[in-house]
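# my questions are about this predicted structure, shown below with the sequence.
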Amino acid sequence: MVKVITYGTYDMLHYGHQRLLERAKALGDYLIVGVTSDDYDKTRGKINNQQTLMERIAGVKATGLADAIIVEEYEGQKIDDIRRFGVDIFTVGSDWVGYFDYLNEYCKVVYLPRTEGVSSTEVRAEKRKLRIGLVGTAVFRTKFIHETKYVNGVEVVGVCESHPGNEPEVADLFHTYDYDELLKKVDAVYIISRPENHYADSKKALLAGKHVLCESPIAYTREETKELYALAAEKNLIIMDAIKTAYSTAYERLLLMAKGGKIGKVVSVDAVCTSLRDGISIEGTDLSKKWNSMCGWAPAAMLPVLQIFGTDYKDKVFYTKFQDKEENIDAFTKIDFVYPSGVATVKVAKGAKAEGELVIAGTKGYIYVPAPWWKTDYFEIRYENPDENKRFFYQLDGEGIRYEIVAFAKAVESGRNMSNVSKEISEAIAGVIEDFNERKNMIEIS
């Protein structure tokens, strides 16, 4: 019996896939089809599959051509599979000619001609693009524009800004100072305006029938955040909290391991996020246009705390050093949370510097994420016996922003909120910001 093996993503399986599988099947007596996992696809730069792994496997199975279906999860698996299954022929499309010649050492390699004029990329491209407008002038909007280029079916078409920016990335976009005008030209908005304007800007977009991706915090109060989510649900729209860290594969995995008991019962979480790039501690700086430390860093820093321990904390205390109290600019803030089963500490600063690491302590060990943990591709699980320590590496492209855009686009298309930041987390973040603004349980340091 001649065994044949082939691999692919098989997203939105089409006639081209069918023909390739038919040709592969004709090469032997038994066809094994490897379907790439989502994580492995990410390492290969394929980030916005329209279908889940199970849906893609089901599509291959429905063709009736595969005698066996396996999941490809890591680089080098092809050699392992060829040996394990006793494969005689490895085959793949002709667009890979020469790339897999190294497999000739293990079996025969055959490159098959592809069906012209059809591909998953072309199928996705035929769908109407999600037109996004930018609202605000925050410097990280250029990263967002750059990352949309890696996501099929999404394009930035315009910007509404309070004052002109000088980024070349926005030069070719439609510009306006009239928000209503921008809303007429887009399907969705990415809001990066001043934090105190997020609520009004988000509400205006939702009332105009537009989807919203908003930098955190979505609003300055818990009630305003609840209102926005309720309004979105009423109008069948999507509103998502834009915290890129939530979409990092490494972060998602460490969260699952912490919750899954890999380090025993979690008893504390310590997260530090600092940066001096904004220069809020420099004398003479116009602080009125700056995001304070709480709005700039606290949403990301609080994310692991709220996702591990939950939003129902018993108490919290702020320790804050203000750079400009009148403008509500904190150079440094430390927040202590007390939960029934543990404690957490968050340190955020734009006027001080500390090691930006994340440490999750448990009864059996701890998870350590080195700086800058909020855009990590690596973490460790450490135990009392260092021989048991484990290291984990995951591909991270675009700091998680492109994965966030993919999730937003899929949510809009499906009509289901697919955010990695739940409504409850968004409300809790806004609630902490609200308490900070009202100086509740705050101890000021000089």
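Received it, and whenever you're ready, just let me know what you need.

# how is the chain carved up into domains?
Residue ranges for the domains of the chain, per automatic domain parsing: 3-121, 123-243, 246-444.

# in this structure, where is pLDDT below threshold?
Along the chain, the model assigns pLDDT under 70 to residues 43-48, 116-127, 279-289.

# pretty sure residue 96 contacts residue 111?
Yes: between residue 96 and residue 111 there is a contact at 6.5 Å, judged by Cβ atoms under 8 Å. No exception for glycine: its C-beta is placed from N, CA and C like everyone else's.

# what sits against residue 176?
Neighbouring residues of residue 176 by Cβ atoms under 8 Å, 6 or more residues apart in numbering: 158-160, 182.

# of those, which belong to helices?
Judged by DSSP state H, the contacts of residue 176 include residue 182 as members of helices.

# from residue 20, how far out is residue 78?
Relative to residue 20, residue 78 is positioned 17 Å away (Cβ to Cβ, to the nearest Å).

# equivalent analysis for residue 404, please.
32 Å.

# more neighbours: these two, which one.
residue 404 (28 against 22; other Cβ atoms under 10 Å).

# where's that one relative to residue 175, distance?
Separation of residue 404 from residue 175 (Cβ to Cβ): 25 Å.

# what of residue 160?
Residue 160 sits 8 Å away from residue 175, taking Cβ to Cβ as the criterion.

# helices along the stretch 101-250 of the chain, start to end?
Per DSSP state H, counting those that start in this stretch, the stretch 101-250 of the chain carries helices over the ranges 120-126, 141-148, 179-183, 198-207, 222-234, 249-259.

# ranking the ones you listed by burial, who's on top?
helix 198-207 (a mean of 21; mean count of other Cβ atoms under 10 Å).

# helices or strands up against it?
Counting contacts by 3 or more Cβ pairs under 8 Å, 6 or more residues apart in numbering; DSSP states H and E, helix 198-207 packs against helix 179-183, strand 188-191, strand 211-215, helix 222-234.

# can you give the distance of the second one from its chain's centre?
A distance of 16 Å separates the centroid of the chain from that of strand 188-191, by Cα atoms, centre = their mean, to the nearest Å.

# partner strands of it and their direction?
Applying DSSP bridges, strand 188-191 is found paired with strand 130-135 (parallel), strand 211-215 (parallel).

# okay, the first one in PDB with CA atoms only?
These are the backbone C-alpha positions of strand 130-135, laid out as PDB (Å, rounded to 0.1, in the frame of the first residue of the first chain):
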ATOM      1  CA  LEU A 130     -14.500  46.400   6.800                       C
ATOM      2  CA  ARG A 131     -13.900  50.100   6.500                       C
ATOM      3  CA  ILE A 132     -12.400  51.600   9.700                       C
ATOM      4  CA  GLY A 133     -12.000  55.200  10.600                       C
ATOM      5  CA  LEU A 134      -9.500  56.500  13.300                       C
ATOM      6  CA  VAL A 135     -10.700  58.900  16.000                       C
END
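
# what residues does whichever strand or helix holds residue 31 touch?
In the assignment (DSSP states H and E), residue 31 maps to strand 30-36. Here strand 30-36 makes contact (Cβ under 8 Å, 6+ apart) with 1-10, 21, 24-25, 44, 46, 53, 56-57, 60, 65-72, 77-78, 81, 85, 87.

# just the buried members of the residues you listed?
Neighbour counting with 16 or more other Cβ atoms under 10 Å marks 3-10, 21, 24-25, 46, 53, 56-57, 60, 65-66, 69-70, 72, 77-78, 81, 87 as buried within the contacts of strand 30-36.

# which members of these occur in strands, if any?
Among the buried ones among the contacts of strand 30-36, the members falling in strands are 3-8, 69-70, 72 (criterion: DSSP state E).

# which among these gets closest to residue 432?
Lowest distance from residue 432 to these (Cβ to Cβ) belongs to residue 72, with 42.3 Å.

# look up how far residue 107 lies from that closest one.
Residue 72 is 16 Å from residue 107, by Cβ to Cβ.

# roughly how far apart are residue 441 and residue 309?
The value you get for residue 441 to residue 309, if Cβ to Cβ is used, is 18 Å.

# those two: which is more packed in?
Between residue 441 and residue 309, residue 309 has the larger neighbour count (other Cβ under 10 Å), namely 21 against 14.

# count of neighbours near the residue nearest to residue 191 when sequence neighbours are not counted?
The spatially closest residue to residue 191, leaving aside those adjacent along the chain, is residue 214, at 4.2 Å (Cβ to Cβ, 6 or more residues apart in numbering). Under the neighbour criterion other Cβ under 10 Å, residue 214 is assigned a count of 26.

# thinking residue 214 is in contact with residue 199, fair?
No: between residue 214 and residue 199 there is no contact under Cβ under 8 Å: 9.1 Å.

# which residue is nearest the centroid of the chain?
Centroid-nearest residue in the chain: residue 247, 2.2 Å away (criterion: Cα atoms, centre = their mean).

# residues touching residue 62, list them.
Going by Cβ under 8 Å, 6+ apart, residue 62 touches residue 13.

# rerun that using 7 Å as the cut-off
Taking Cβ atoms under 7 Å, 6 or more residues apart in numbering as the definition of contact, residue 62 has no neighbours.

# remind me, longest helix of this protein?
Max-length helix for the chain by DSSP H is helix 293-309.

# name the helices or strands packed onto it?
Identification of packing neighbours for helix 293-309 by 3 or more Cβ pairs under 7 Å, 6 or more residues apart in numbering; DSSP states H and E yields helix 249-259, strand 266-274, strand 329-339, strand 342-349, strand 358-362, helix 423-437.

# from residue 416, how far off is residue 89?
Taking Cβ to Cβ, one finds residue 89 at 41 Å from residue 416.

# higher neighbour count, the two?
More neighbours surround residue 89 than the other of residue 89 and residue 416, with 18 against 10 (other Cβ under 10 Å).

# wait, the more buried one touches residue 25, no?
No: taking contacts as Cβ atoms under 7 Å, residue 89 lies outside contact range of residue 25: 11.0 Å.

# and residue 148, what does it touch?
154-156, 405.

# touching, residue 258 and residue 266? I think so.
Yes: between residue 258 and residue 266 there is a contact under Cβ under 7 Å: 5.7 Å.

# between the two, what contacts are shared?
By Cβ under 7 Å, 6+ apart, the residues touching both residue 258 and residue 266 are 308, 360.

# re the thing from before, right, and the residue nearest to the centre of the chain touches residue 402 too?
No: between residue 247 and residue 402 there is no contact under Cβ under 7 Å: 8.3 Å.

# how about stretch 12-26, which residues are buried there?
For stretch 12-26, by 16+ other Cβ under 10 Å, it's 12-14, 16-18, 20-21, 23-25.

# any chance of a markdown table for those, columns distance to residue 320?
Below are those laid out as a markdown table (distance: Cβ to Cβ, whole Å):
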| residue | distance to residue 320 |
| --- | --- |
| 12 | 51 |
| 13 | 55 |
| 14 | 57 |
| 16 | 59 |
| 17 | 57 |
| 18 | 62 |
| 20 | 61 |
| 21 | 62 |
| 23 | 67 |
| 24 | 64 |
| 25 | 67 |
